[in-house]
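Asks: sharing a model that was predicted from the sequence below.
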Amino acid sequence: MTVLIIGGGASGLMAAITAKSTEPAARVIIAERLDRVGKKLLATGNGRCNFSNLNTQPSNYYGKRPSFVNNALKEFTVEDTVNFFNMLGIFPREERGGRLYPYSLQASAVLDALRIKCDALGVEMLTGKCVKQITVKNGTLKAVFESGERLGADAVILAAGGCASPALGSDGSGYELLKKLGHTITPLAPALVQVKTDTRPIKGLAGIKIEGSAALIQDKRVLGSAQGEILFTDYGLSGPPIFELSAKMPFKKGLTIALDFMSEYSLKQVFDVLEGRQRALGGTMENFFAGLLNKRLGNLVARAAGIEKLSFAVSALDKDMLWDMARLIKEYKIEVTGLNGFKNAQVTAGGVLTDEFSPYTMQSKLVKGLYCCGEIYDIHGDCGGYNLQWAWSSGHLAGLSAVKGNGK
């Protein structure tokens, strides 16, 4: 039999390895539109490849029906992922929050291991091959390439990714292939990306980095929080905590981010610190926050508390002013206005409707022999290795089902 995999990213490579390992006699072909496979994989984890997370649960995923991930994650678990990569020579390193990386901290090592395994198994790789259409006739699937060439297959696995980071391979073309076959594509949005905000509360802070925490709030309800380095930009906010929270933002309105600039301390402790500085320092507000907060950030906090002039005497601060500044330090609220575009996003929120696929096989309910895996689904995960775990799990299940001809 012939299995054609469209897309040579993480899920496509896993699907190919699983299919060829399960059925060595099968012809397994990867068609990748770029000049080489796995380009996006090289960029993951800031080039270190956060390939999974020990804490992976179905609750880490989003979409119209996030429970779609349940079976795939059971069929190919995090432990299976670790064992799989161990067999390829990738020894794991655990970091904050259960994040798993190759011990060498090189994404290139992960990609090389996958490519070497594909070569050893005899997986064929066609690079620079863009599929423009998939046709179905008398139960046979055919891929029509941009060049006009046609390639028939008993099973086609669509692993073309979403719209995020189009320069690395995910240009949204897979959605068009699915639309032509009658599938439904849900609304799309960037995720794991920088956040646009009202810039007035952070005027003059662009380029400043702080260690703190951020909470995502909607209608007074906290949707999530994250800790780490936060970067102020001319359009809003960036940094790992912001990327983490952005996974929960697509398609939601009325969002606010509350920043905590002294997350190790309670509100009362921050007030005590400020009151102690008032007694010890004197002088004017120009230097009141020096050594505690970034000077520009401190000045912004003072102004937000109603202290307009930096020449204001520290000795003139009353308890209400100190409490106001303490509250602002602990909860500095900024309105979310949007997300940065797909160009800078790590994953896509939205995708092909999961109701039209079997969660037990990844096979289409509309087109027999057509399978999908990875980001192309209306599934995206939290930041921290969850999206790559979905790629491995869904890719494994699609590859296994394709060669078994499983139509469950």
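Replies: Cool, got the structure.
Asks: in this structure, which helix is the longest?
Replies: The helix that spans the most residues within the chain, counting by DSSP state H, is helix 386-404.
Asks: who are the packing partners of that one?
Replies: strand 2-6, helix 10-22, strand 52-53, helix 70-75, helix 78-87, strand 155-158, strand 370-372, strand 380-381 (3 or more CB pairs under 8 Å, 6 or more residues apart in numbering; DSSP states H and E). C-beta coordinates here come from the backbone N, C-alpha and C atoms, glycine included.
Asks: which one's the longest strand in this structure?
Replies: strand 221-232 (DSSP state E).
Asks: helices and strands around the one helix or strand E335 maps to, which ones?
Replies: Assigned by DSSP states H and E, E335 falls within strand 332-339. The contact analysis (3+ CB pairs under 8 Å, 6+ apart) places strand 332-339 against strand 189-191, strand 195-197, strand 236-238, strand 255-260.
Asks: let's see that with 6 Å instead.
Replies: Under the contact criterion of 3 or more CB pairs under 6 Å, 6 or more residues apart in numbering; DSSP states H and E, strand 332-339 touches strand 195-197, strand 255-260.
Asks: same list (those) but as TSV, adding mean pLDDT, mean neighbour count and distance to N344.
Replies: Output for these, formatted as TSV (pLDDT from 0 to 100; neighbours: other CB atoms under 10 Å; distance: least, CB to CB, whole Å):
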stretch	mean pLDDT	mean neighbour count	distance to N344
strand 195-197	98	21	11
strand 255-260	98	20	18
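Asks: let's have these in a markdown table, adding distance to L111.
Replies: Listed next are the helices and strands packed on strand 332-339 as a markdown table, based on distance: least, CB to CB, whole Å:
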| stretch | distance to L111 |
| --- | --- |
| strand 195-197 | 29 |
| strand 255-260 | 34 |
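Asks: out of those strands, flag the one nearest G8.
Replies: G8 sits nearest to strand 195-197 of all those, at 30.8 Å, using CB to CB.
Asks: ok, residues contacting that closest one?
Replies: Identification of contacts with strand 195-197 by CB atoms under 6 Å, 6 or more residues apart in numbering yields 235-237, 242, 246, 334, 336-338.
Asks: and for stretch 92-99?
Replies: Residues outside stretch 92-99 that contact it (CB under 6 Å, 6+ apart) are 50, 53-55, 82, 100-101, 103, 384-385.
Asks: now do the same end-to-end measure for that stretch.
Replies: End-to-end span of stretch 92-99 (CA to CA, to the nearest Å): 10 Å.
Asks: that one: which residues count as buried?
Replies: Buried positions in stretch 92-99, judged by neighbour count with 16 or more other CB atoms under 10 Å: 92, 97, 99.
Asks: ramachandran coordinates for the last one?
Replies: For R99, the backbone dihedrals are phi -60, psi 140 (criterion: degrees, to the nearest 10).
Asks: tabulate the helices and strands packed on helix 386-404 (CSV), appending mean neighbour count.
Replies: As requested, those are exported to CSV (neighbours: other CB atoms under 10 Å):
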stretch, mean neighbour count
strand 2-6, 25
helix 10-22, 27
strand 52-53, 28
helix 70-75, 18
helix 78-87, 16
strand 155-158, 30
strand 370-372, 27
strand 380-381, 28
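Asks: and those: which comes nearest R200?
Replies: It's strand 380-381; of the helices and strands packed on helix 386-404, that one is closest to R200 (CB to CB) at 30.5 Å.
Asks: pLDDT of the closest one, averaged?
Replies: On average, the pLDDT along strand 380-381 is 98.
Asks: what strands line up against that strand, and which way round?
Replies: Sheet pairing here is set by DSSP bridges, and for strand 380-381 it gives strand 61-62 (antiparallel).
Asks: and the contacts of the strand it pairs with?
Replies: With contact meaning CB under 6 Å, 6+ apart, strand 61-62 is reached by 69, 379-381.
Asks: need the max-distance pair from those.
Replies: So, those by CB to CB: farthest apart are V69 and H380, at 10.4 Å.
Asks: which sections of this structure are below the confidence cut-off?
Replies: The chain contains residues with pLDDT under 70 at 406-408.
Asks: if we can go back for a sec, residues making contact with the longest strand of the chain?
Replies: When contacts are defined by CB under 6 Å, 6+ apart, strand 221-232 is touched by residues 202, 205-206, 208-216, 238-241, 244-245, 248.
Asks: and the angle from it to strand 332-339?
Replies: Relative orientation of strand 221-232 with respect to strand 332-339: 90 degrees, computed using axes from the mean of the first three to the mean of the last three CA atoms, to 10 degrees.
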